[in-house]
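Visitor: Here's a sequence, model it:
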Amino acid sequence: MLDRTAAATPAYIVDASDPQHLRRAIADLTTGFSRWRLARALAWLDLRNRYRGSVLGPFWLTLSTAAMLLGLGVLYAALFRMSLGEYLPHLAVSLVIWNAIAQMVNEATNSLTASEGIIRQMPLPYTVHALRCVMRNGLVAAHNLPLIAVVFLACGHLPGPEALLAIPGFILIAINAFAAALLLGMICARFRDIGPIVASVMQLAFFLTPILWKPRLLGHWEVLMPLNPFYAVLETVRGPLVEGGGPMLAWIAAVTYTVLLVAIAGAFFVRFRGRVAFWV
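Guide: Numbers count the residues shown, from 1 in each chain. Alright, predicted model coming up:
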């Protein structure tokens, strides 16, 4: 015979002595990834609302990136005494991928607080909100990718078969973006001052990362570039497309940084997931 007391206990009652953090975090991730279509629909709705009333929509960002690419390309090619055919492919890939990374990191800081209303009213997995942030910025970044092809055609740059290595690079960026959306989303929900700090760090990282300049300009200091995590992740895409594969040390560093970020985000998510609803 069934225990009437156990059957009458509401499902939302949790034993405080056994919070089961790990099981609930895994259930959140599993359920969230199974609802990726919902995250995609919310990401698309975010873009429609953001560019409501605009004629070109997110293509304004494409035009802005194209203008910046042309202006900076002509200027820095002259400063570095490089031909446009040599410099523009490097700058095009660097600028497009960096804009995507920077946008994802900056928006990761409010990936949960931006969904405050949903979190407080619906038992939706937090993973959905992180996926929503990643997919939204992925859609925006996709509008700029054709610029790379246009520059390659204009400069006569044709990547070889090693360009396929850029696919694992994009996967690494997506994994890092999701982990950052979870980690920074929770930290910034608790400490609202972290968001502006992250934005300032990203501005500094733009100049410290070889985007406008090439790593070889550092001379013997070039070997230290893998210590910059943004360079390592960026090089996994730029190397195959521009430099014939990229240095192996950059790949090792990128994978190491990815594993480290995922581990930290996972540990933080397991420990503090139950407090997010009180932080947002």
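
Visitor: and for stretch 149-156, what are the contacting residues?
Guide: Contact with stretch 149-156 is made by L69, L84, G85, L88, P89, A92, H157, L158, P159, as judged by CB atoms under 8 Å, 6 or more residues apart in numbering. C-betas here are computed from N, CA, C, even on glycine.

Visitor: Farthest-apart pair in the residues you listed, please.
Guide: Using CB to CB, these span at most 19.1 Å, a distance reached by L69 and L158.

Visitor: thinking again about what came up before, if any of the contacts of stretch 149-156 are buried, put those into a PyMOL selection.
Guide: Buried residues among the contacts of stretch 149-156 (16 or more other CB atoms under 10 Å), as a PyMOL selection:
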select buried, resi 69+84+88+89+92+157+159
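
Visitor: Redo the contacts of stretch 149-156 as TSV? Include secondary structure and pLDDT.
Guide: Formatted as TSV, these follow (DSSP: H, G, I helix; E, B strand; the rest coil; pLDDT from 0 to 100):
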residue	secondary structure	pLDDT
L69	helix	91
L84	helix	88
G85	helix	87
L88	helix	93
P89	helix	93
A92	helix	94
H157	coil	87
L158	coil	87
P159	coil	88
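
Visitor: At which residues are the helices of the stretch 1-150 of the chain located?
Guide: 4-8, 21-34, 36-50, 59-79, 84-108, 116-121, 126-142, 145-155 (DSSP state H, counting those that start in this stretch).

Visitor: Quick one, grab the pLDDT at the most centrally placed residue in the chain.
Guide: Computing the C-alpha centroid of the chain and ranking residues by CA atoms, centre = their mean puts A177 first, at 3.0 Å. The model reports A177 with a pLDDT of 96.

Visitor: contacting residues for it?
Guide: Taking CB under 8 Å, 6+ apart as the test, what A177 contacts is I101, M104, V105, A108, C133, V134, N137, G138.
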